[in-house]
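>>> Mind folding the following:
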Amino acid sequence: MAEKNQSQYQPPESIGYHRSDQESLHTMEDEEAKRKKRMKWTIGIVAFIIFQVVQALFFVLVIMKFKSPKFGVAEFDVQSLTVGTQASPSFNTSFVTPIRIKNTNWGPFKYDASTVNFTYGGVQVGQAIIPKSKANFKSTKKINVNVTLSSANLPNDSNLGSDLSSGVITLNSQGELKGKVTVMFMFKKRKTSQMNCTMAINTATKAVQSLSCK
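From the prediction side, this is the model:
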């Protein structure tokens, strides 16, 4: 009986060791929980910083990248065309010129009034007036302008006679638009848009045979 009681007896030192082990376990669990919490905060902060950097790069490289709008003549129908002969070359034509101003910026392009000159062999044969206006952001401004062209000012040694015999008159149009692109109502930058188009008109069909703009 004494031996049984002796085996059940635990000295105070062993009880202290048991409590110390439990406290150490709780301390380790608390430290692990704190470590996981710090890791979550760190991941969240890093993700937030990366998001801000991506936003800043998008703003600088995309939103704040000012581009010159594209300015050119679109396909059109010839309303009237009269031509002379190879011996007495001449032409008179009229049509509605569809002008297109494509603004790819993230802000409107406000431009001043301008003109488009139509030339044959480097000599001006007509003109179109572009009124002052604006092209909204990420859109194409469409303007239709009445144009009348005449060969009256061409020199006698022009190639018009040979062109009439071939049945094709090649014309050029040049123009320039100057204005400002405004982003977020406060960032402004002056931009110039250039037009340089070449069009070939078939004198037999009285239609535009080809049209290209640079």
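
>>> Phi, psi for the spatially most central residue of the chain please.
The structure's the chain has its C-alpha centroid closest to Thr104; by Cα atoms, centre = their mean the separation is 2.7 Å. Main-chain torsions, Thr104, degrees, to the nearest 10: phi -100, psi 10.

>>> Quick check: it touching Ser68?
No. Using Cβ atoms under 8 Å, Thr104 makes no contact with Ser68, being 9.4 Å away. C-beta: built from backbone N, CA, C; applies to glycine.

>>> What residue spans form the domains of this protein?
Annotated domains of the chain cover 11-63, 70-213 [automatic domain parsing].

>>> Return the most buried member of those domains.
Among those, ranked by average contacts under mean count of other Cβ atoms under 10 Å, first place goes to domain 70-213 (a mean of 16).

>>> quick one on the thing from earlier: what's the residue lying closest to the residue nearest to the centre of the chain once chain neighbours are set aside in contact with, if anything?
Distances taken as Cβ to Cβ, 6 or more residues apart in numbering put Lys67 closest to Thr104, at 5.6 Å, once the chain neighbours are dropped. Contact partners of Lys67, counting by Cβ atoms under 8 Å, 6 or more residues apart in numbering, are Thr104, Asn105, Val181, Lys191.

>>> which one among those gets closest to Asp112?
Lys191 (11.7 Å; Cβ to Cβ).

>>> Please report how far that closest one lies from Lys36.
54 Å (Cβ to Cβ, to the nearest Å).

>>> How about Gly122?
Using Cβ to Cβ, Gly122 is found at 78 Å from Lys36.

>>> same thing with Asp30?
To Lys36, Asp30 is 11 Å away according to Cβ to Cβ.
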